[in-house]
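Novice: Here is my input, please return the structure:
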Amino acid sequence: MELKTIGLTKKFGSKTAVNDLNITLSNGVYGLLGANGAGKTTLMRLLCNLQEPTSGKILFNGKNIEKLGERYRNLLGYLPQHFGYYPDFTASDFLLYVAALKGLSEKNARRKVSELTEAVGLSAESNHKIKTFSGGMKQRLGIAQAMLNDPSILILDEPTAGLDPKERVRFRNLISAFSKDRVVILSTHIVSDVEFIAEEIIMMKAGQIVHFGRTQEITSEINGQVWECIVPSSYAEKYAATYNVSNLRNIGDNQTILRIIAERPPMKTAVQVQPDLEDLYLFYFKGGAER
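Specialist: Here you go, the predicted model:
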């Protein structure tokens, strides 16, 4: 299975949200990272055929998705950042309704609803109204509805928003098991989630791809620029204001370990460490803004 973009560009007036993207995706999980405004949501909406590109094209197994039309959309599962639901529906009724919209037979729909409510940990609440659900429960319901039609391409925008650590582990396990013969693209600001389950990372900045590859490959850009040092806790705030600090951990005795991204050691006692994906993200997007 192959999903490919060729010169994919999307403009909104004078703003270019996606700029001449050329990427090829095959089976596996891809983590999409970038600051707000980097073009992630626009790219996902283009891949879902919800928006038309200004120029360029998207091919699925060599065929233009615009020509495939409904046949392509039937292969998709999509969770937008804010998905719509009917608050007075029960979880089960809502999923059966979505399954009907996706063309599943009643028998198949009931089987899938049972499987997925169990998979996302909502089987005990499947007959409860959605308006009684917590934010994390609604998000799990959203993940379930995206997977109802057993999609070949699953696109999830901020799927772990509102999930507690236990729910995020469940989500990661679910996606890892689901992704064997599918293309899965997930966008999240929780870098550790994609670091755990994504085989490759797509990092966007200003509508363009700045990195595309496995974590170890792309973090090599900042080899030799990540340091750990121990400082008095009373100085930690000063260092955090001066340097790009990716992590801060108190270790007792009024001392704090700082993980700092800098071209040169921030102090004589700083120890060079191996960079990780969060370091690279903060290297590009310190404070959530583009560098």
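Novice: Ile23 and Ala35, how far apart?
Specialist: 19 Å (Cβ to Cβ, to the nearest Å). Placement of C-beta: from N, CA and C, glycine included.
Novice: shaky segments in the stretch 101-250 of the chain?
Specialist: The stretch 101-250 of the chain contains no residues with pLDDT under 70.
Novice: For it, which segments count as strands?
Specialist: 153-157, 183-187, 200-205, 208-213, 226-232, 244-252 (DSSP state E, counting those that start in this stretch).
Novice: With mean neighbour count and distance to Ser55 as added columns, please give those in JSON lines.
Specialist: Listed next are the strands of the stretch 101-250 of the chain as JSON lines, based on neighbours: other Cβ atoms under 10 Å; distance: least, Cβ to Cβ, whole Å:
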{"stretch": "strand 153-157", "mean neighbour count": "23", "distance to Ser55": "22"}
{"stretch": "strand 183-187", "mean neighbour count": "24", "distance to Ser55": "22"}
{"stretch": "strand 200-205", "mean neighbour count": "22", "distance to Ser55": "18"}
{"stretch": "strand 208-213", "mean neighbour count": "17", "distance to Ser55": "15"}
{"stretch": "strand 226-232", "mean neighbour count": "18", "distance to Ser55": "39"}
{"stretch": "strand 244-252", "mean neighbour count": "14", "distance to Ser55": "36"}
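Novice: quick one, which of these is nearest to Asn173?
Specialist: strand 183-187 (13.3 Å; Cβ to Cβ).
Novice: which residues touch Phe283?
Specialist: 221-222, 225, 244, 261, 291 (Cβ atoms under 8 Å, 6 or more residues apart in numbering).
Novice: how about these, which pair is most distant?
Specialist: The most distant members of the contacts of Phe283, if one measures by Cβ to Cβ, are Glu221 and Asn244, lying 14.4 Å apart.
Novice: Closest to the centroid, which residue in the protein?
Specialist: Central residue of the chain (Cα atoms, centre = their mean): Ser187, 1.9 Å from the mean position.
Novice: helix/strand/coil for the residue lying closest to that residue once chain neighbours are set aside?
Specialist: Nearest residue to Ser187, sequence neighbours excluded (Cβ to Cβ, 6 or more residues apart in numbering): Leu32, at 4.1 Å. Three-state assignment for Leu32 (DSSP: H, G, I helix; E, B strand; the rest coil): strand.
Novice: Tell me, how many residues neighbour Gly121?
Specialist: Using other Cβ atoms under 10 Å, Gly121 has 17 other residues around it.
Novice: Might one say that it is in contact with Arg168?
Specialist: No. Using Cβ atoms under 8 Å, Gly121 is not in contact with Arg168; the gap is 11.7 Å.
Novice: of all the strands of the stretch 101-250 of the chain, which lies closest to Lys15?
Specialist: Closest approach to Lys15 among those (Cβ to Cβ): strand 208-213, 13.5 Å.
Novice: And stretch 48-67, what's buried?
Specialist: Residues 48-49, 51, 53, 56, 58-60, 65 are the ones in stretch 48-67 that count as buried (16 or more other Cβ atoms under 10 Å).
Novice: Report the angle between the helix or strand hosting Ile58 and strand 153-157.
Specialist: For Ile58, the host element (DSSP states H and E) is strand 55-60. With axes from the mean of the first three to the mean of the last three Cα atoms, to 10 degrees defining the directions, strand 55-60 sits at 120 degrees from strand 153-157.
Novice: Give me the contact list for strand 55-60.
Specialist: Outside strand 55-60, the residues that reach it (Cβ under 8 Å, 6+ apart) are 2-9, 20-21, 46-47, 49, 64-66, 68, 72, 75, 153.
Novice: on that earlier part again, wait, the residue nearest to the centre of the chain sits on Asp157?
Specialist: Yes. Taking contacts as Cβ under 8 Å, Ser187 lies within contact range of Asp157: 5.1 Å.
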